[in-house]
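1. Fold the following for me, if possible:
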Amino acid sequence: MDATEFRKRGKEMVDYIADYIETIHKRPVYPDVEPGYLRCLIPESAPQEPESFEDVFKDIEKIIMPGVTHWNSPYFFAYFPVAHSFPALLADILSGGIGCMGFSWAASPACTELETVMLDWLGKMINLPEEFLAGRDGEGGGVIQGSASEATLVSLLAARTKTVRHFQLENPELTESDIMGRLVAYASDMAHCSVERAALIGGVKMKNIPSDDKFTARGSALQKAVDEDKAAGLIPFFFCATLGTTACCSFDKLLELGPICNKENIWLHIDAAYAGSSFICPEFRYLLNGVEYANSLNFNPHKWLLINFDCSAMWVKKRSDLIGAFKLDPLYLQHNHQESGLITDYRHWQIPLGRRFRSLKMWFVFRMYGVKGLQEHIRQHVKLSHEFEQLVLQDERFEICSEVILGLVCFRLKGSNELNEELLKNINDTKKIHLVPCQLREKFVLRFAICSRTVESNHVQFAWQLITKLATELLKAWEPKQHQ
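-> Predicted structure coming up:
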């Protein structure tokens, strides 16, 4: 394919994508395929001779689309949003076209410098304390990670390195393995499983802090666990606070947890993967109160800020904590300006060395939507979630299972877990809307998340009508079973 054909085919692909997005509501939201469906549709080996673009293009609908879950459908209410917008897609095309590997400033100065500025822009949008911003000569700063899971892992590894070095300075007789075997990290029992996975990869103990009746981690519970572990000779070193838990969007009490972490010299990382985007709205910024106690913070603009995956924003108060944990400088990665103090080499802030020009997506979206446009998008989603909440509350057969704060509603039929499992199966079997469950204590709960950029009230109303219709049919069939 030469440049001439690329121009032609590129326009065709843009038209295809635009048509896909404009008509996505007409497609079944969840695919009707069985595991292994694709292997029988394609050859066992790659072709020896080139194939035409036409041949590849016609197979998109035949082979790929039947197995796609349409995350950006207005009938997709599962998990959390995966953000999507035309400006971000255009920026991704430009990023792919430039094709730089931005592991250092010299590898592509614009890639590094735009990222630093964009993270400052976003930090100011959520009113982060100045010490988290890079500015012109700050000690902190932001970096784009691939996911919140990566950000948690990076922060845990940085905390581990910092703690080990501190204890070795105070106790030269201790080996690194002596200290590592005593380290213990903490998170709420409502934290995402990626936090436990980070501890597993990091080779440290992980303990869950029991949450309260609102599914929130409190200071008293953390202090109790820390005191017990210190008495047992362990070294508490890391706590991951969650703002907007995956199961029910609950918020750990930063104002209680933060002072304990600071007093006990525990690295406080904030995982606000979904909820963090809402902090650009002044009315939701209170949810971040206590961030001043944190060492690091992360949330995913690729969830709710119209920036398509992947783009996970992470900030640290002291960049030296990250660089100190990950810095290696072989000759082939060195460059003339790295000791100037004026630049960032992001390879020292993350697990991989290579990185794409992801800040272009932030630049395009922030400029073409503006802060007000992004705030309007979030407020519309929150409004729709409360609309759904009211529909649930008006039907006495259902119950709301946790406080509705942002764009997630946790609800269920009053009754057994088996009843609700059957309801969810019936809902998803229709392929008309898509939901996923969660477990809140002993209850099996249905999650209704407002996800799509194009979702409107009529889609929410349609979903509720379908849910109640299926609930009515299920309850009629269920009653005789209960009397058998």
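2. Which parts of this structure are helices?
-> Using DSSP state H, the helices of the chain run over 3-22, 53-59, 86-98, 109-125, 148-170, 176-180, 193-202, 219-231, 254-263, 301-304, 319-326, 359-393, 417-429, 457-483.
3. Out of those, which one sits most buried?
-> Sort those by mean neighbour count, taking mean count of other C-beta atoms under 10 Å, and helix 301-304 sits at the top with a mean of 27. In short, each C-beta sits where N, CA and C put it, glycine included.
4. can you tell which of the helices of the chain is closest to residue 349?
-> With C-beta to C-beta as the measure, helix 319-326 is the member of the helices of the chain nearest residue 349 (5.0 Å).
5. Check what contacts the closest one and list those residues.
-> Counting by C-beta atoms under 8 Å, 6 or more residues apart in numbering, helix 319-326 makes contact with 134, 139-141, 143, 154, 157-162, 165, 295, 316, 344, 347-350, all of which sit outside it.
6. For the lowest-mean-pLDDT helix or strand in the chain, output the C-alpha coordinates as CSV.
-> In the chain, no helix or strand scores lower on mean pLDDT, DSSP states H and E than helix 319-326, which sits at a mean of 79. Extracted as CSV, the C-alpha positions of helix 319-326 are listed here (Å, rounded to 0.1, in the frame of the first residue of the first chain):
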residue,chain,number,x,y,z
ARG,A,319,9.0,12.2,41.1
SER,A,320,12.2,11.1,42.7
ASP,A,321,10.3,8.3,44.4
LEU,A,322,9.4,6.8,41.1
ILE,A,323,12.7,7.5,39.4
GLY,A,324,14.6,6.2,42.3
ALA,A,325,12.8,2.8,42.0
PHE,A,326,13.0,2.4,38.2
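7. how far out from the middle of the chain is that helix?
-> The gap between where helix 319-326 is centred and where its chain is centred comes out at 23 Å by C-alpha atoms, centre = their mean, to the nearest Å.
8. Repeat that for stretch 81-92.
-> With C-alpha atoms, centre = their mean, you get 15 Å for stretch 81-92.
9. Next up, the contacts around residue 95.
-> Taking C-beta under 8 Å, 6+ apart as the test, what residue 95 contacts is 356-358, 360-361.
10. Pop out the phi and psi values for the residue nearest to it when sequence neighbours are not counted.
-> Residue nearest to residue 95 in three dimensions, not counting chain neighbours: residue 357, with 4.2 Å by C-beta to C-beta, 6 or more residues apart in numbering. In this entry, residue 357 is assigned phi and psi values of phi -80, psi 70 (degrees, to the nearest 10).
11. hang on, isn't residue 357 packed against residue 108?
-> Yes. A contact is recorded between residue 357 and residue 108 when judged using C-beta atoms under 8 Å, the distance being 7.1 Å.
12. Show me which of those two is the more surrounded one.
-> For residue 357 against residue 108, the residue with the higher neighbour count under other C-beta atoms under 10 Å is residue 357, and the figures read 25 against 18.
13. mind checking how far stretch 214-227 is from the chain centre?
-> Its chain's C-alpha centre and that of stretch 214-227 lie 24 Å apart, by C-alpha atoms, centre = their mean.
14. outside of that stretch, which residues touch it?
-> Counting by C-beta under 8 Å, 6+ apart, residues outside stretch 214-227 touching it are 186-190, 207, 209-212, 236, 239, 241-242, 245, 247-248, 250-253, 256-257, 259-261, 264, 266, 402-403, 440.
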